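[1] Fold the following, please.
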Amino acid sequence: MENKGKFAMTPKAVRLMAAGLLVILSGLILLAGGGVKDPMVFNWDMFDFRRLVAAPIVMLCGIIIEIVAIMGRTGRKGDE
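    Numbers count the residues shown, from 1 in each chain. Model (predicted):
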């Protein structure tokens, strides 16, 4: 067992995973808000561009970054 003590992911992959997590969290922040105090009043702000288009696209980009971080080649030498 020569690989004992080695982490399965390279530091570059870990940084990519952290970046993907930050992008997903920023998409969730874009998705939040738009609440009203009176439940009988309809709020049209929940149908704006930020919540319907921008937030899902940002979250999808974060998921793609996560997939690349997990599945992509990160350049570790000697592992083939």
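[2] which residues of the protein score low on pLDDT?
    By pLDDT under 70, the weakly predicted segments of the chain are 1-3, 74-80.
[3] Quick one: the strands in it, in order.
    Under the criterion DSSP state E, the chain carries no strands.
[4] Longest helix in the protein, please.
    In terms of residue count, the longest helix belonging to the chain (DSSP state H) is helix 11-31.
[5] Packing partners of that one?
    On a contact count with 3 or more C-beta pairs under 8 Å, 6 or more residues apart in numbering; DSSP states H and E, helix 11-31 meets helix 55-71. Using the backbone N, CA and C atoms, a C-beta is placed for each residue, glycine as well.
[6] Off-centre distance for the helix it packs on?
    Distance of helix 55-71 from the chain centroid (C-alpha atoms, centre = their mean, to the nearest Å) equals 5 Å.
[7] in it, what counts as buried?
    If you call a residue buried by 16 or more other C-beta atoms under 10 Å, then helix 55-71 has these buried ones: 55, 58-59, 62, 65-66, 69.
[8] any idea how far A55 is from V14?
    Using C-beta to C-beta, to the nearest Å, V14 is found at 26 Å from A55.
[9] Of the buried residues of helix 55-71, just say which sits nearest to M46.
    Checking the buried residues of helix 55-71 against M46 with C-beta to C-beta, the nearest one is A55 at 11.3 Å.
[10] List the contacts of the closest one.
    By C-beta atoms under 8 Å, 6 or more residues apart in numbering, the contact set of A55 is 27-28, 30-31.
[11] The same query, at a cut-off of 6 Å, please.
    Taking C-beta atoms under 6 Å, 6 or more residues apart in numbering, we find A55 in contact with 27, 30-31.
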